[in-house]
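My questions concern the predicted model and sequence given below.
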Amino acid sequence: TNFTEVEMEGHRLTAVKLVDESGDSDTIEAERFIDSTQDADLAVEAGAPYFIGSEDIGLDRKMAVTLMIHLDHVDWEKIDQAADDGVFGGGEVYSNVGWGFSQLHYDYEPVNPDTRLRGLNIVREKDGSVIINALQVFGIDGLDPAERERAIEIGIDETEPIVEFLREHFPGFENAEIVQYPTELYVRETRHIEAEYQLPLSDVWENKDHWDSIGFGSYPVDVQATSANDYGYVYGRPVQYAIPFRSLVPLEVDGLLVASKASGYSSLAAASSRVIPTGMTAGQAAGVAAAISIENDISFRDLTENEDLIKDMQTILIEQGDAKLYPFDIDYPYEGEWFYPAARTLLNYGLILGGYDNVFPVEKPISELSFANLLSNGVQRVGSPEAEALIENLEDLRELITTDTELKRDQAAEMILALHGLDVTSDPWQQAQEAGFVEDTIVERITENRALNGAEGYYLAGNILQSVEN
């Protein structure tokens, strides 16, 4: 069944028209609606604001799509041994799941240049067959049915060479045969709905709880490759973080919740919260919230401000026995460090990453190029009028990069002045202080023209972005 149009009373969604496989249509009225489509189709049709891919940080990119590979006659014990032996970089293999083998990124040469084989994520089914999530297809618009079909065709054409390569080079796949080709594409990212609370990446990094939590996320912040020119990014690995109910309530549309990977998450936070267990959590909470909303004659938007009813919703979720839900307070990396507020800003714009170990190179020297990239990429991602005004100065900033060597204090000041269209007239560090670009915390730490470490570079760059982001 598909829906073809919506009916609205002002900003409130009141009905949807559905068409079944035979072409018969019907109009369904309801007091509340829940959109759990992959791409927030209903919410968008009703007028909810959204962005696509990484548009929220000024980038035209979306994660790769994937066609799964379904194989039979695979020797699981050999794959387990291959993981221990370090084949293709090794991995972790358990009774029915395995992952790793990241060297495949480089060792398999794709037939189609718009594809790539990354490290294998493998699941062993009850019938002994295996399903592999590893074939990336780039440049596909997941909202376009024709594009999705094209990606499936590309994936089918690439699957046979991949299997031939695995048969020849990967122990356990010597006798592998293709069982079937999927009829549906795995699309990781399309729309992100704008919600009452847009979950930022910093909440994920900080293992943050929320008063209106409806469940937890905990998956690594795994941004899959967005083109054949990158290998993806892991921004961090949280212990757990709360999914706020407010993130399910779209802006500008009443009577509707969005409970899917398209819910109110930033594009970077969605790299973690896009996974199916989080979507299941959101879906169950949306059902409970809809019942509470109807029983108490309160809109979803007003519900986001009603602490008593939110507590009732949380109690019901716990009593149902499925939801993991309790208050928590978990430490996070660099909590309380003098430079962390600036690093948080850089993190939310995707300018720094911590990997699976949650480590920033804060004690290592920062290079001229790295600092220049933080400033130039940062102002292009902020998107405010103040930041836009600085973009015309980026060429002057980049001309100050002499070599990719360690950045010194005065050169950092020169770059900051150049970014703001200012010529150095005297001591650049003193001039930057007088112009308000450098403040007391960092001045007290850097008393001479020496090489800066990562923490100091982050602090300087992060504060510049904070000053222009609003």
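Received the coordinates, thanks.

I'd like to know how far residue 470 sits from residue 395.
Residue 470 is 26 Å from residue 395, where distance means C-beta to C-beta, to the nearest Å. All C-beta spots, glycine's among them, are computed from the backbone N, C-alpha and C.

Same question for residue 200.
From residue 200 across to residue 395, the span is 31 Å (C-beta to C-beta).

State the separation between whichever strand or helix holds residue 204 and the centre of the chain it belongs to.
Here residue 204 is covered by helix 201-205, with elements defined by DSSP states H and E. Distance, stretch centre to chain centre, for helix 201-205: 10 Å (C-alpha atoms, centre = their mean, to the nearest Å).

ok, residue 290 - contacts?
32, 34, 257 (C-beta atoms under 8 Å, 6 or more residues apart in numbering).

Closest one to residue 162 out of those residues, please.
Closest to residue 162 out of these is residue 34 (38.3 Å), distances taken as C-beta to C-beta.

Assumed that closest one was part of a strand.
Yes. Under DSSP: H, G, I helix; E, B strand; the rest coil, residue 34 sits within a strand.

So it sits against residue 286, correct?
Yes. Using C-beta atoms under 8 Å, residue 34 is in contact with residue 286, at 4.7 Å.

who touches both of these two?
With C-beta under 8 Å, 6+ apart as the test, residue 34 and residue 286 both reach 257, 259.

My guess is residue 209 contacts residue 325. True?
No. Judged on C-beta under 8 Å, residue 209 makes no contact with residue 325 at a distance of 10.5 Å.

ok so, going back, residue 34 and residue 286: which is more packed in?
residue 286 (26 against 19; other C-beta atoms under 10 Å).

Now the phi/psi pair for the closest residue to the more buried one other than its chain neighbours, please.
Nearest residue to residue 286 in three dimensions, chain neighbours excluded: residue 259, at 4.0 Å (C-beta to C-beta, 6 or more residues apart in numbering). Torsion angles at residue 259 (phi, psi; degrees, to the nearest 10) stand at phi -130, psi 90.

Nearest the geometric middle of this protein, what residue?
By C-alpha atoms, centre = their mean, the chain has its centre lying nearest to residue 271, at 2.5 Å.

Pretty sure residue 222 is one of the things that residue touches, is it not?
Yes. Counting by C-beta under 8 Å, residue 271 does reach residue 222; the two are 5.5 Å apart.

Okay, helices next: where are they in the stretch 51-200 of the chain?
Using DSSP state H, counting those that start in this stretch, the helices of the stretch 51-200 of the chain run over 76-85, 104-107, 145-169.

Name the residues of the first one that are buried.
In terms of neighbour count (16 or more other C-beta atoms under 10 Å), helix 76-85 has its buried residues at 76, 78, 79, 80, 82, 83.

Could you report the separation of the second one from residue 1?
Spatial separation of residue 78 from residue 1 under the definition C-beta to C-beta is 45 Å.

Have a look at residue 200 and residue 395 and say which one is more surrounded.
Between residue 200 and residue 395, counted using other C-beta under 10 Å, residue 200 has the larger neighbour count: 18 against 10.

Return the residues in contact with that one.
266, 268, 269, 348.

10 Å - rerun?
56, 206, 208, 265, 266, 268, 269, 344, 347, 348 (C-beta atoms under 10 Å, 6 or more residues apart in numbering).

Check which helices and strands the strand ranked longest in the chain sits against.
The residue-count maximum for a strand in the chain (DSSP state E) belongs to strand 115-124. Packing partners of strand 115-124 (3 or more C-beta pairs under 10 Å, 6 or more residues apart in numbering; DSSP states H and E): strand 65-66, strand 69-72, helix 76-85, strand 91-93, strand 97-100, helix 104-107, strand 130-137, helix 145-169.

Okay, strands next: where are they in the stretch 251-400 of the chain?
256-258 (DSSP state E, counting those that start in this stretch).

Include pLDDT when you put the buried residues of helix 76-85 into a markdown table, please.
Listed next are those as a markdown table, based on pLDDT from 0 to 100:
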| residue | pLDDT |
| --- | --- |
| 76 | 97 |
| 78 | 97 |
| 79 | 97 |
| 80 | 97 |
| 82 | 97 |
| 83 | 97 |
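
Kindly indicate which of the residues you listed lies nearest residue 195.
residue 83 (40.2 Å).

isn't that closest one right up against residue 102?
No. If you go by C-beta atoms under 10 Å, residue 83 and residue 102 don't touch, sitting 11.7 Å apart.

shared neighbours, the two?
With C-beta under 10 Å, 6+ apart as the test, residue 83 and residue 102 both reach 89, 90, 91, 120.

Which of those residues has the largest number of neighbours?
For the shared contacts of residue 83 and residue 102, neighbours tallied by other C-beta under 10 Å; top is residue 120, 24 neighbours.

so what's it bridging to?
Beta bridges link residue 120 to residue 100, judged by DSSP bridges.

contacting residues around it?
Here residue 120 is in contact with 69, 79, 83, 88, 91, 93, 98-102, 104, 130, 132-135, 166, 170 (C-beta under 10 Å, 6+ apart).

and the gap between it and residue 235?
22 Å.

Residue 291 against residue 309, yeah?
No. Under the criterion of C-beta under 10 Å, residue 291 makes no contact with residue 309, lying 11.1 Å away.

More neighbours: those two, which one.
residue 309 (18 against 13).

Need the pLDDT of the more buried one.
At residue 309, the predicted lDDT confidence score is 98.

Same check on residue 404?
Residue 404 is given a pLDDT of 75.

Is it within a helix or a strand, and which one?
Short version, using DSSP H and E: residue 404 is in no helix or strand.

And for the one 10 residues further on?
Element membership for residue 414, per DSSP H and E: helix 409-419.

Report the distance from that helix to the chain centre.
32 Å.

Likewise for stretch 6-15?
With C-alpha atoms, centre = their mean, you get 31 Å for stretch 6-15.

in it, what's buried?
For stretch 6-15, a neighbour-count test (16+ other C-beta under 10 Å) marks 6, 13, 14, 15 as buried.

First-to-last residue distance for it?
Stretch 6-15 has an end-to-end distance of 6 Å (C-alpha to C-alpha, to the nearest Å).

again, but for stretch 355-375
Using C-alpha to C-alpha, the two ends of stretch 355-375 sit 21 Å apart.

Quick check: buried residues in it?
Here stretch 355-375 shows 358, 360, 362, 365, 366, 367, 368, 370, 371, 372, 374, 375 as buried, counting by 16+ other C-beta under 10 Å.
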